[in-house]
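Trainee: can't give you the sequence, but here's the structure:
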(Lines give C-alpha, C1' and ligand atoms only; values in the text may rest on other atoms or scores of the structure.)
Protein backbone atom coordinates (compact mmCIF):
# COMPACT_ATOMS: atom_id res chain seq x y z
CA UNK A 1 0.00 0.00 0.00
CA UNK A 2 3.04 2.29 0.13
CA UNK A 3 3.40 2.62 -3.65
CA UNK A 4 -0.11 4.01 -4.32
CA UNK A 5 0.30 6.49 -1.47
CA UNK A 6 3.64 7.76 -2.78
CA UNK A 7 2.31 8.00 -6.33
CA UNK A 8 -0.79 9.86 -5.15
CA UNK A 9 1.35 12.19 -3.03
CA UNK A 10 3.61 12.92 -6.00
CA UNK A 11 0.62 13.71 -8.23
CA UNK A 12 -0.80 15.99 -5.53
CA UNK A 13 2.43 17.98 -5.22
CA UNK A 14 2.75 18.21 -9.02
CA UNK A 15 -0.79 19.59 -9.35
CA UNK A 16 -0.17 22.08 -6.52
CA UNK A 17 3.06 23.28 -8.16
CA UNK A 18 1.30 23.81 -11.50
CA UNK A 19 -1.43 25.84 -9.81
CA UNK A 20 1.13 28.01 -8.01
CA UNK A 21 3.02 28.70 -11.26
CA UNK A 22 -0.25 29.51 -13.06
CA UNK A 23 -1.27 32.00 -10.35
CA UNK A 24 2.17 33.63 -10.51
CA UNK A 25 1.94 34.04 -14.30
CA UNK A 26 -1.57 35.54 -14.07
CA UNK A 27 -0.45 37.94 -11.34
CA UNK A 28 2.57 39.14 -13.32
CA UNK A 29 0.42 39.60 -16.44
CA UNK A 30 -2.19 41.60 -14.48
CA UNK A 31 0.51 43.86 -13.00
CA UNK A 32 2.00 44.44 -16.47
CA UNK A 33 -1.36 45.39 -17.93
CA UNK A 34 -2.11 47.73 -15.00
CA UNK A 35 1.18 49.60 -15.38
CA UNK A 36 0.84 49.85 -19.18
CA UNK A 37 -2.67 51.34 -19.13
CA UNK A 38 -1.66 54.97 -18.31
CA UNK A 39 1.05 54.95 -20.97
CA UNK A 40 -1.31 53.47 -23.57
CA UNK A 41 -4.06 55.94 -22.71
CA UNK A 42 -1.71 58.94 -23.11
CA UNK A 43 -0.47 57.63 -26.44
CA UNK A 44 -4.02 57.15 -27.81
CA UNK A 45 -5.30 60.54 -26.62
CA UNK A 46 -2.36 62.81 -27.42
CA UNK A 47 -0.54 61.13 -30.34
CA UNK A 48 -2.61 58.57 -32.18
CA UNK A 49 -6.11 60.08 -32.14
CA UNK A 50 -5.14 63.57 -33.43
CA UNK A 51 -3.51 61.93 -36.46
CA UNK A 52 -6.50 59.67 -37.11
CA UNK A 53 -9.01 62.52 -36.80
CA UNK A 54 -7.30 64.43 -39.65
CA UNK A 55 -7.13 61.40 -42.04
CA UNK A 56 -10.47 60.00 -43.33
CA UNK A 57 -8.89 56.86 -44.80
CA UNK A 58 -7.04 56.10 -41.58
CA UNK A 59 -10.24 56.73 -39.60
CA UNK A 60 -12.17 54.31 -41.82
CA UNK A 61 -9.45 51.66 -41.47
CA UNK A 62 -9.49 52.15 -37.71
CA UNK A 63 -13.26 51.67 -37.54
CA UNK A 64 -13.10 48.51 -39.68
CA UNK A 65 -10.27 47.14 -37.55
CA UNK A 66 -12.15 47.95 -34.33
CA UNK A 67 -15.31 46.25 -35.67
CA UNK A 68 -13.29 43.17 -36.65
CA UNK A 69 -11.72 43.03 -33.19
CA UNK A 70 -15.12 43.34 -31.51
CA UNK A 71 -16.56 40.54 -33.70
CA UNK A 72 -13.57 38.36 -32.87
CA UNK A 73 -13.92 39.05 -29.15
CA UNK A 74 -17.65 38.30 -29.16
CA UNK A 75 -17.07 35.06 -31.10
CA UNK A 76 -14.37 34.05 -28.63
CA UNK A 77 -16.71 34.82 -25.74
CA UNK A 78 -19.43 32.68 -27.36
CA UNK A 79 -17.00 29.79 -27.92
CA UNK A 80 -15.75 30.10 -24.35
CA UNK A 81 -19.32 29.97 -23.02
CA UNK A 82 -20.14 26.94 -25.19
CA UNK A 83 -16.95 25.18 -24.10
CA UNK A 84 -17.79 26.02 -20.49
CA UNK A 85 -21.10 24.19 -20.91
CA UNK A 86 -19.33 21.22 -22.52
CA UNK A 87 -16.81 21.12 -19.68
CA UNK A 88 -19.65 21.14 -17.16
CA UNK A 89 -21.36 18.24 -18.93
CA UNK A 90 -18.08 16.33 -19.23
CA UNK A 91 -17.42 16.85 -15.55
CA UNK A 92 -20.93 15.68 -14.69
CA UNK A 93 -20.35 12.49 -16.70
CA UNK A 94 -16.86 12.11 -15.15
CA UNK A 95 -15.40 11.68 -18.64
CA UNK A 96 -11.62 12.14 -18.51
CA UNK A 97 -10.44 10.80 -21.87
CA UNK A 98 -11.73 9.77 -25.31
CA UNK A 99 -9.77 7.88 -27.97
CA UNK A 100 -11.37 8.01 -31.41
CA UNK A 101 -8.66 6.32 -33.49
CA UNK A 102 -5.80 3.88 -33.04
CA UNK A 103 -3.12 6.30 -34.26
CA UNK A 104 0.20 6.73 -32.48
CA UNK A 105 -0.88 10.15 -31.19
CA UNK A 106 -4.06 8.76 -29.63
CA UNK A 107 -2.15 5.89 -28.05
CA UNK A 108 0.50 8.32 -26.76
CA UNK A 109 -2.18 10.42 -25.09
CA UNK A 110 -3.67 7.34 -23.45
CA UNK A 111 -0.25 6.24 -22.21
CA UNK A 112 0.09 9.66 -20.58
CA UNK A 113 -3.25 9.00 -18.85
CA UNK A 114 -2.29 5.51 -17.65
CA UNK A 115 1.31 6.23 -16.60
CA UNK A 116 0.58 8.52 -13.58
CA UNK A 117 -2.14 6.22 -12.23
CA UNK A 118 -1.18 4.69 -8.88
CA UNK A 119 -0.80 0.94 -8.62
CA UNK A 120 -4.16 -0.72 -8.03
CA UNK A 121 -5.02 -3.85 -6.09
CA UNK A 122 -7.85 -5.07 -8.34
CA UNK A 123 -8.19 -5.18 -12.11
CA UNK A 124 -11.48 -6.21 -13.78
CA UNK A 125 -11.82 -7.00 -17.48
CA UNK A 126 -14.93 -7.79 -19.53
CA UNK A 127 -13.96 -8.18 -23.18
CA UNK A 128 -14.08 -10.59 -26.13
CA UNK A 129 -10.70 -12.33 -26.46
CA UNK A 130 -8.52 -10.23 -24.15
CA UNK A 131 -5.59 -10.25 -26.56
CA UNK A 132 -5.58 -6.54 -27.40
CA UNK A 133 -6.48 -5.68 -23.80
CA UNK A 134 -3.75 -7.39 -21.80
CA UNK A 135 -2.12 -10.27 -23.70
CA UNK A 136 -0.74 -8.48 -26.76
CA UNK A 137 2.61 -6.70 -26.78
CA UNK A 138 1.00 -3.40 -27.86
CA UNK A 139 -1.57 -3.43 -25.08
CA UNK A 140 -1.94 -0.03 -23.41
CA UNK A 141 -3.35 -1.45 -20.18
CA UNK A 142 -1.32 -4.65 -19.98
CA UNK A 143 1.35 -3.30 -17.63
CA UNK A 144 -1.20 -1.70 -15.30
CA UNK A 145 -3.19 -4.94 -15.15
CA UNK A 146 -0.05 -7.00 -14.57
CA UNK A 147 0.77 -4.86 -11.53
CA UNK A 148 -2.62 -5.55 -9.94
CA UNK A 149 -2.81 -8.26 -7.28
CA UNK A 150 -6.29 -9.62 -8.02
CA UNK A 151 -7.40 -9.87 -11.65
CA UNK A 152 -10.88 -10.91 -12.75
CA UNK A 153 -11.41 -11.54 -16.44
CA UNK A 154 -14.50 -12.42 -18.46
CA UNK A 155 -14.08 -13.54 -22.09
CA UNK A 156 -16.41 -14.67 -24.83
CA UNK A 157 -16.33 -18.45 -25.18
CA UNK A 158 -14.70 -18.89 -28.61
CA UNK A 159 -16.30 -22.32 -29.02
CA UNK A 160 -19.84 -21.09 -28.38
CA UNK A 161 -22.62 -20.16 -30.77
CA UNK A 162 -22.37 -16.44 -30.03
CA UNK A 163 -18.69 -16.45 -30.99
CA UNK A 164 -19.65 -17.98 -34.34
CA UNK A 165 -22.19 -15.20 -34.95
CA UNK A 166 -19.59 -12.64 -33.99
CA UNK A 167 -17.03 -14.08 -36.40
CA UNK A 168 -19.57 -14.25 -39.24
CA UNK A 169 -20.32 -10.54 -38.84
CA UNK A 170 -16.65 -9.52 -39.04
CA UNK A 171 -14.42 -9.22 -42.15
CA UNK A 172 -13.44 -12.45 -43.86
CA UNK A 173 -9.83 -12.38 -42.66
CA UNK A 174 -11.04 -12.87 -39.08
CA UNK A 175 -11.89 -16.52 -38.52
CA UNK A 176 -13.01 -18.69 -35.63
CA UNK A 177 -9.45 -19.98 -35.37
CA UNK A 178 -8.23 -16.39 -34.85
CA UNK A 179 -10.66 -16.10 -31.95
CA UNK A 180 -9.50 -19.37 -30.44
CA UNK A 181 -5.81 -18.46 -30.83
CA UNK A 182 -6.28 -15.07 -29.17
CA UNK A 183 -8.21 -16.58 -26.26
CA UNK A 184 -5.51 -19.23 -25.81
CA UNK A 185 -2.88 -16.45 -25.71
CA UNK A 186 -4.92 -14.66 -23.05
CA UNK A 187 -5.20 -17.86 -21.00
CA UNK A 188 -1.45 -18.41 -21.28
CA UNK A 189 -0.81 -14.84 -20.13
CA UNK A 190 -3.13 -15.22 -17.15
CA UNK A 191 -1.47 -18.55 -16.29
CA UNK A 192 1.88 -16.78 -16.20
CA UNK A 193 0.48 -14.15 -13.83
CA UNK A 194 -0.74 -16.95 -11.55
CA UNK A 195 2.78 -18.36 -11.37
CA UNK A 196 3.97 -14.89 -10.30
CA UNK A 197 1.66 -14.98 -7.29
CA UNK A 198 -1.26 -13.01 -8.69
CA UNK A 199 -4.81 -13.96 -7.77
CA UNK A 200 -6.37 -14.59 -11.20
CA UNK A 201 -9.94 -15.65 -11.97
CA UNK A 202 -11.35 -16.29 -15.43
CA UNK A 203 -14.94 -16.78 -16.56
CA UNK A 204 -16.54 -17.21 -19.96
CA UNK A 205 -19.86 -15.86 -21.15
CA UNK A 206 -21.98 -17.17 -24.00
CA UNK A 207 -24.15 -14.23 -25.08
CA UNK A 208 -23.16 -11.79 -27.82
CA UNK A 209 -20.89 -9.06 -26.43
CA UNK A 210 -22.28 -5.56 -25.92
CA UNK A 211 -19.69 -3.72 -23.82
CA UNK A 212 -15.97 -3.99 -23.35
CA UNK A 213 -15.13 -2.84 -19.83
CA UNK A 214 -11.78 -2.52 -18.05
CA UNK A 215 -11.74 -1.31 -14.45
CA UNK A 216 -8.48 -0.14 -12.90
CA UNK A 217 -8.82 1.52 -9.52
CA UNK A 218 -10.93 4.67 -9.94
CA UNK A 219 -10.99 4.55 -13.75
CA UNK A 220 -13.01 2.50 -16.21
CA UNK A 221 -12.32 2.06 -19.93
CA UNK A 222 -15.44 1.45 -22.05
CA UNK A 223 -16.00 0.50 -25.69
CA UNK A 224 -19.20 -0.52 -27.43
CA UNK A 225 -19.03 -3.88 -29.23
CA UNK A 226 -20.86 -3.11 -32.45
CA UNK A 227 -21.89 -6.11 -34.53
CA UNK A 228 -19.74 -6.35 -37.66
CA UNK A 229 -16.99 -4.07 -36.29
CA UNK A 230 -13.76 -4.85 -34.47
CA UNK A 231 -13.79 -3.45 -30.96
CA UNK A 232 -10.31 -1.94 -31.29
CA UNK A 233 -11.66 0.29 -34.08
CA UNK A 234 -14.41 1.71 -31.88
CA UNK A 235 -14.16 4.91 -29.80
CA UNK A 236 -12.90 4.37 -26.28
CA UNK A 237 -14.22 6.33 -23.31
CA UNK A 238 -12.54 6.64 -19.92
CA UNK A 239 -14.61 7.58 -16.88
CA UNK A 240 -13.24 8.34 -13.42
CA UNK A 241 -14.88 7.95 -10.04
CA UNK A 242 -16.17 11.23 -8.63
CA UNK A 243 -15.17 10.80 -4.99
CA UNK A 244 -17.09 13.85 -3.81
CA UNK A 245 -20.28 12.79 -5.61
CA UNK A 246 -20.06 9.04 -6.33
CA UNK A 247 -23.56 8.91 -7.82
CA UNK A 248 -22.51 11.24 -10.61
CA UNK A 249 -20.79 10.03 -13.74
CA UNK A 250 -20.67 6.68 -15.50
CA UNK A 251 -17.93 4.99 -13.49
CA UNK A 252 -20.30 3.41 -10.98
CA UNK A 253 -22.86 2.11 -13.55
CA UNK A 254 -20.19 0.35 -15.63
CA UNK A 255 -18.45 -0.92 -12.52
CA UNK A 256 -21.73 -2.38 -11.26
CA UNK A 257 -22.45 -3.86 -14.68
CA UNK A 258 -19.21 -5.81 -14.51
CA UNK A 259 -19.96 -7.04 -10.99
CA UNK A 260 -23.44 -8.15 -12.05
CA UNK A 261 -22.04 -10.09 -14.99
CA UNK A 262 -19.36 -11.62 -12.79
CA UNK A 263 -21.89 -12.71 -10.17
CA UNK A 264 -24.20 -14.31 -12.74
CA UNK A 265 -24.05 -18.06 -12.07
CA UNK A 266 -24.73 -18.83 -15.74
CA UNK A 267 -21.15 -17.85 -16.62
CA UNK A 268 -18.83 -20.84 -16.00
CA UNK A 269 -15.48 -20.44 -14.27
CA UNK A 270 -12.32 -21.64 -15.96
CA UNK A 271 -10.02 -23.93 -13.97
CA UNK A 272 -6.44 -23.40 -15.07
CA UNK A 273 -5.08 -26.68 -13.72
CA UNK A 274 -7.55 -28.95 -15.55
CA UNK A 275 -8.55 -26.78 -18.54
CA UNK A 276 -12.20 -27.25 -17.61
CA UNK A 277 -15.26 -25.05 -17.25
CA UNK A 278 -17.04 -25.27 -13.90
CA UNK A 279 -20.77 -24.63 -13.93
CA UNK A 280 -22.54 -23.67 -10.70
CA UNK A 281 -26.11 -23.14 -9.57
CA UNK A 282 -27.57 -19.98 -8.08
CA UNK A 283 -26.22 -20.95 -4.65
CA UNK A 284 -22.68 -21.31 -5.94
CA UNK A 285 -22.59 -25.12 -5.78
CA UNK A 286 -20.82 -26.98 -8.55
CA UNK A 287 -23.27 -28.88 -10.74
CA UNK A 288 -21.09 -30.05 -13.61
CA UNK A 289 -17.82 -29.70 -15.48
CA UNK A 290 -16.95 -29.62 -19.14
CA UNK A 291 -13.69 -29.61 -21.05
CA UNK A 292 -12.93 -26.17 -22.45
CA UNK A 293 -13.55 -26.42 -26.16
CA UNK A 294 -15.87 -29.37 -26.04
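Mentor: The structure has been received and is ready for your questions. Being a predicted model, the structure only gives us computed values, none of them experimental.
Trainee: check contacts around the residue located most distally from the centre of the chain.
Mentor: In the chain, residue 54 marks the outermost C-alpha relative to the chain mean, sitting 61.3 Å out by CA atoms, centre = their mean. With contact set as CB atoms under 8 Å, 6 or more residues apart in numbering, residue 54 has no partners. For every residue, glycine as well, the C-beta is placed using N, CA and C.
Trainee: repeat that for residue 210.
Mentor: Shown here is residue 210, whose contacts under the criterion CB under 8 Å, 6+ apart are 224, 225.
Trainee: any idea what residue 201 is bridged to?
Mentor: residue 152 (DSSP bridges).
Trainee: that one and residue 153 touch, don't they?
Mentor: Yes. Using CB atoms under 8 Å, residue 201 is in contact with residue 153, at 7.1 Å.
Trainee: looking at those two, which one has more neighbours?
Mentor: Legend: neighbour count by other CB atoms under 10 Å for residue 201 and residue 153, higher for residue 153 (26 against 16).
Trainee: can you give me the helices for this protein?
Mentor: Under the criterion DSSP state H, helices of the chain are mapped to 2-43, 49-53, 56-93, 104-114, 142-146, 161-169, 176-195, 251-263.
Trainee: in JSON lines, list those helices along with mean neighbour count, mean pLDDT and distance to residue 226.
Mentor: Supplementary listing: these in JSON lines, determined by neighbours: other CB atoms under 10 Å; pLDDT from 0 to 100; distance: least, CB to CB, whole Å:
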{"stretch": "helix 2-43", "mean neighbour count": "10", "mean pLDDT": "68", "distance to residue 226": "35"}
{"stretch": "helix 49-53", "mean neighbour count": "12", "mean pLDDT": "76", "distance to residue 226": "62"}
{"stretch": "helix 56-93", "mean neighbour count": "11", "mean pLDDT": "82", "distance to residue 226": "21"}
{"stretch": "helix 104-114", "mean neighbour count": "13", "mean pLDDT": "75", "distance to residue 226": "19"}
{"stretch": "helix 142-146", "mean neighbour count": "18", "mean pLDDT": "87", "distance to residue 226": "24"}
{"stretch": "helix 161-169", "mean neighbour count": "15", "mean pLDDT": "90", "distance to residue 226": "9"}
{"stretch": "helix 176-195", "mean neighbour count": "16", "mean pLDDT": "94", "distance to residue 226": "17"}
{"stretch": "helix 251-263", "mean neighbour count": "15", "mean pLDDT": "95", "distance to residue 226": "17"}
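Trainee: now these in JSON lines, with distance to residue 220?
Mentor: As requested, the helices of the chain are exported to JSON lines (distance: least, CB to CB, whole Å):
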{"stretch": "helix 2-43", "distance to residue 220": "18"}
{"stretch": "helix 49-53", "distance to residue 220": "60"}
{"stretch": "helix 56-93", "distance to residue 220": "12"}
{"stretch": "helix 104-114", "distance to residue 220": "12"}
{"stretch": "helix 142-146", "distance to residue 220": "13"}
{"stretch": "helix 161-169", "distance to residue 220": "23"}
{"stretch": "helix 176-195", "distance to residue 220": "20"}
{"stretch": "helix 251-263", "distance to residue 220": "5"}
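Trainee: between those, which gets nearest to residue 290?
Mentor: Closest to residue 290 of those, according to CB to CB: helix 161-169, at 14.8 Å.
Trainee: for that closest one, name the packing helices and strands.
Mentor: Under the contact criterion of 3 or more CB pairs under 8 Å, 6 or more residues apart in numbering; DSSP states H and E, helix 161-169 touches strand 150-156, helix 176-195.
Trainee: next, the angle from the longest one to strand 150-156.
Mentor: Regarding helix 176-195 and strand 150-156, their directions subtend 170 degrees when assessed with axes from the mean of the first three to the mean of the last three CA atoms, to 10 degrees.
Trainee: for helix 176-195, packing partners?
Mentor: Here helix 176-195 touches strand 150-156, helix 161-169, strand 199-205, going by 3+ CB pairs under 8 Å, 6+ apart.
Trainee: and the average pLDDT for the last one is what?
Mentor: In this case it means strand 199-205. For strand 199-205, the mean per-residue pLDDT is 96.
Trainee: ok and that strand relative to helix 251-263, angle-wise?
Mentor: Calculated by the same axes, to 10 degrees, strand 199-205 forms an angle of 80 degrees with helix 251-263.
Trainee: how big is the angle separating strand 199-205 from helix 161-169?
Mentor: Going by the same axes, to 10 degrees, strand 199-205 makes 70 degrees with helix 161-169.
Trainee: tell me which residues in strand 199-205 are buried?
Mentor: For strand 199-205, the neighbour count (16 or more other CB atoms under 10 Å) marks 200, 201, 202, 203, 204, 205 as buried.
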